[in-house]
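> Have a look at this prediction, sequence included:
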Amino acid sequence: MELEKLILNNSASGIVVVQTTRGKVNSRNAYSQYNLCDYTGDDALRVLEARLEFCSLMGVDLDHLVMPRQSHTTRVLTIGEDYFDAGIEDQEAMLEDVDALVTDLPGLCIGVNTADCVPIALADSTAGVIAVAHAGWRGTVGKIALCTVQAMVRLGAKPQRIAATMGASICADCFEVGDEVPQAFEQAGFDMQLIMHRNAATGKAHINLQEANRQVLIDAGLNSGNINMPTACSRCRHQRYFSARRLGINSGRTFTAILRRDA
Ligand SMILES: [Zn+2]
């Protein structure tokens, strides 16, 4: 499994952000070689094998790998000791309909699954607080990145110290949308000049989800110099990353994760 490192500015060593890649692509299997997401129709044993390989590369135990069951909400779950005191069924209930995770526990790897949506990893290394969020267009309109920063602040983080980095996700040219989408962004108060354009040939609206999330993070108090944008579009580079627009909903997901190692 090849993991790509994502760069967080000003973050102490010991905090690592990675993103999975599809591995060997099989044109008849949209799950490819490495998919860690267990609710998109992939074979459960293959998902478990991918998770075990990921854990071994990251040096964490399987029970210290935590990912939510995402559903385009703005719900943020803070993982504390109470999560580890709970039984497996209670843990699963806690993770249901959650789209961002925050923790100050070291040695815990938290991540989100995406295929075109924007994964955002965040850290305040001084406070020892890390987070990861899944922002599709609904989550972006709902400002899940702001909700995540607020949950980090409750654990002692300061927005001006937080660094953020986004993983591979859909670019504005690939993200053609119906007019209800820009309307929702406009109603939520976004500066449409910064995040929308119309294709001259088709007249269709295109939204820049990555820039929209950057705007939300700046409004949340982050310094723009501490926000790193994605280096790739998932749909343009669908051989390397999963793209729901390209492969369909029943495909694998790219896993973006953050871990603060024990000192
Ligand atoms: Zn693209």
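Okay, I see it. Predicted model, so just to flag it, every value in this text is computed and none were measured.

> give the contact list for the closest residue to R198 other than its chain neighbours.
Leaving aside its chain neighbours, R198 sits nearest to A205 (5.8 Å; criterion: Cβ to Cβ, 6 or more residues apart in numbering). All C-beta spots, glycine's among them, are computed from the backbone N, C-alpha and C. A205 makes contact with E176, V177, G178, D179, V181, P182, M196, H197, R198, according to Cβ atoms under 8 Å, 6 or more residues apart in numbering.

> now the second one, which residues is it bridged with?
Looking back up the chat, that one is V177. Beta-bridge partners of V177, counted by DSSP bridges, are A205.

> My read is that it contacts L209, right?
No: V177 lies out of contact with L209 (Cβ atoms under 8 Å); the separation is 9.7 Å.

> Which one's more surrounded, these two?
Between V177 and L209, L209 has the larger neighbour count (other Cβ atoms under 10 Å), namely 27 against 16.

> What segments of the protein are strands?
Applying DSSP state E to the chain gives strands spanning 3-6, 15-20, 65-66, 76-79, 100-103, 109-114, 118-124, 129-135, 163-166, 176-177, 196-198, 205-207, 227-228, 254-260.

> Same list (the ones you listed) but as a markdown table, adding mean pLDDT.
Below are the strands of the chain laid out as a markdown table (pLDDT from 0 to 100):
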| stretch | mean pLDDT |
| --- | --- |
| strand 3-6 | 96 |
| strand 15-20 | 97 |
| strand 65-66 | 98 |
| strand 76-79 | 98 |
| strand 100-103 | 98 |
| strand 109-114 | 98 |
| strand 118-124 | 98 |
| strand 129-135 | 98 |
| strand 163-166 | 98 |
| strand 176-177 | 98 |
| strand 196-198 | 98 |
| strand 205-207 | 98 |
| strand 227-228 | 98 |
| strand 254-260 | 98 |
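
> want to throw those into CSV with distance to the ion?
Shown next, in CSV, are these (distance: least, Cβ to the ion, whole Å):
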stretch, distance to the ion
strand 3-6, 17
strand 15-20, 16
strand 65-66, 29
strand 76-79, 28
strand 100-103, 24
strand 109-114, 14
strand 118-124, 13
strand 129-135, 17
strand 163-166, 14
strand 176-177, 11
strand 196-198, 14
strand 205-207, 10
strand 227-228, 18
strand 254-260, 14
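
> Determine which of those strands approaches D90 most closely.
Distance to D90, taken as Cβ to Cβ, is lowest for strand 76-79 among these, at 12.4 Å.

> ok, the closest one: who's next to it in the sheet?
Going by DSSP bridges, the partners of strand 76-79 are strand 100-103 (parallel).

> which outside residues touch the partner strand?
For strand 100-103, the external contacting residues (Cβ under 8 Å, 6+ apart) are 66-68, 74-80, 110-112, 129-134, 144, 147-148, 151-152, 155.

> Could you tell me which of those count as buried?
Among the contacts of strand 100-103, those scoring as buried are 66-68, 74-79, 110-112, 129-134, 144, 147-148, 151-152, 155 (criterion: 16 or more other Cβ atoms under 10 Å).

> V76 touches T148, doesn't it?
Yes: with contact defined as Cβ under 8 Å, V76 counts as touching T148 (5.4 Å).

> sorry, back to before: between the contacts of A205, which is closest to R214?
M196 (14.2 Å).
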